[in-house]
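>>> I'd like to go over a predicted model; first the sequence, then the structure.
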Amino acid sequence: MFENLTKTELYAILTGVFTACLIVSNIIAGKTFDFFSFILPCGVIIFPIIYIVNDVLAEVYGYEKARNVILLGFFMNLVAVICYTITIWLPAPAFFENSQAFAIVLGSTFRLLIASFAAYLVGSLVNARLMTYLKRWDEEKLFFRCIASTLFGEGLDAIIFIFIGFFGTMPIEALLAMIIVQALFKTIYEIIVYPITRTVINNVKKLPEN
């Protein structure tokens, strides 16, 4: 599948996929959906892909390069948010009738932005760090490394995002339920697609360096 690429070339592709998925996830996270009576942000649909790419980067390229992609994703998401904000502020011509809808979709409160950025940084970095740490401990247990790192990373992501973003707006029981369901949803998602993750990792490891 990757026979015509080098590890360096694929690293650039994975960086683009990671960053694009992160920006998309933050846009669609503004809408929620009902999942068996639990309310979840729609960002969970695509966000597990970010953690899968994170696993591939950490497993194949190491923590330092995975961290660089995570920080780049953070910076590009910040650039996107700044552009959204400036665009919303700019006066629209009279014939443009969708300014309010545009602002609702791409705008965000300061509280939710802080929650999203903090959750992303902590969750992604912990996921990558744990992935590489467990690899030193036992290199053979790829499935355990992928799932354990995602469970901890997604768990911290959910705790930080939901408590910063929604604490005081709903009962504690509802917050805890959202945290547990969101973390489990994303972890189960990765378990289901683990064969894809394993295949990608094994193929990438066979690529030439340059």
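Structure's in. What do you need?
>>> Put the alpha carbons of the helix or strand of the chain with the lowest mean pLDDT into PDB.
Sorting the helices and strands of the chain by mean pLDDT, DSSP states H and E puts strand 38-41 at the bottom, at a mean of 74. Taking C-alpha atoms only, strand 38-41 is exported to PDB below (Å, rounded to 0.1, in the frame of the first residue of the first chain):
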ATOM      1  CA  PHE A  38     -26.400  10.000  26.000                       C
ATOM      2  CA  ILE A  39     -25.500  13.300  24.500                       C
ATOM      3  CA  LEU A  40     -22.100  13.300  22.600                       C
ATOM      4  CA  PRO A  41     -20.400  16.000  20.400                       C
END
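>>> Partner strands of it and their direction?
strand 32-35 (antiparallel) (DSSP bridges).
>>> quick one: average confidence on the strand it pairs with?
When pLDDT is averaged along strand 32-35, the result is 79.
>>> contacting residues around it?
Contact partners of strand 32-35, identified using CB atoms under 8 Å, 6 or more residues apart in numbering, comprise 39, 40, 41, 42, 181, 185. Placement of C-beta: from N, CA and C, glycine included.
>>> Please identify which of those is nearest to residue 105.
Proximity of those to residue 105 (CB to CB) peaks at residue 42, which lies at 11.8 Å.
>>> What's the local residue count around the closest one?
Residue 42: 15 surrounding residues under other CB atoms under 10 Å.
>>> which residues does it contact?
Shown in contact with residue 42 (CB under 8 Å, 6+ apart): 28, 29, 30, 31, 32, 33.
>>> tell me the contacts of the closest residue to the second one other than its chain neighbours?
On the basis of CB to CB, 6 or more residues apart in numbering, the spatially nearest residue to residue 29 that is not a chain neighbour turns out to be residue 43, at 3.2 Å. For residue 43, the contact set (CB under 8 Å, 6+ apart) comprises 25, 26, 28, 29.
>>> ok, so what distance separates residue 43 from residue 115?
Using CB to CB, to the nearest Å, we find residue 43 at a distance of 12 Å from residue 115.
>>> Reformat the contacts of residue 42 as TSV; add neighbour count and distance to residue 148.
As requested, the contacts of residue 42 are exported to TSV (neighbours: other CB atoms under 10 Å; distance: CB to CB, whole Å):
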residue	neighbour count	distance to residue 148
28	15	27
29	21	25
30	15	30
31	10	30
32	14	28
33	11	27
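>>> A helix includes residue 121, no?
Yes - under DSSP: H, G, I helix; E, B strand; the rest coil, residue 121 falls within a helix.
>>> Spit out the contact partners of the residue lying closest to it once chain neighbours are set aside.
The spatially closest residue to residue 121, leaving aside those adjacent along the chain, is residue 74, at 6.0 Å (CB to CB, 6+ apart). Counting by CB under 8 Å, 6+ apart, residue 74 touches 117, 120, 121.
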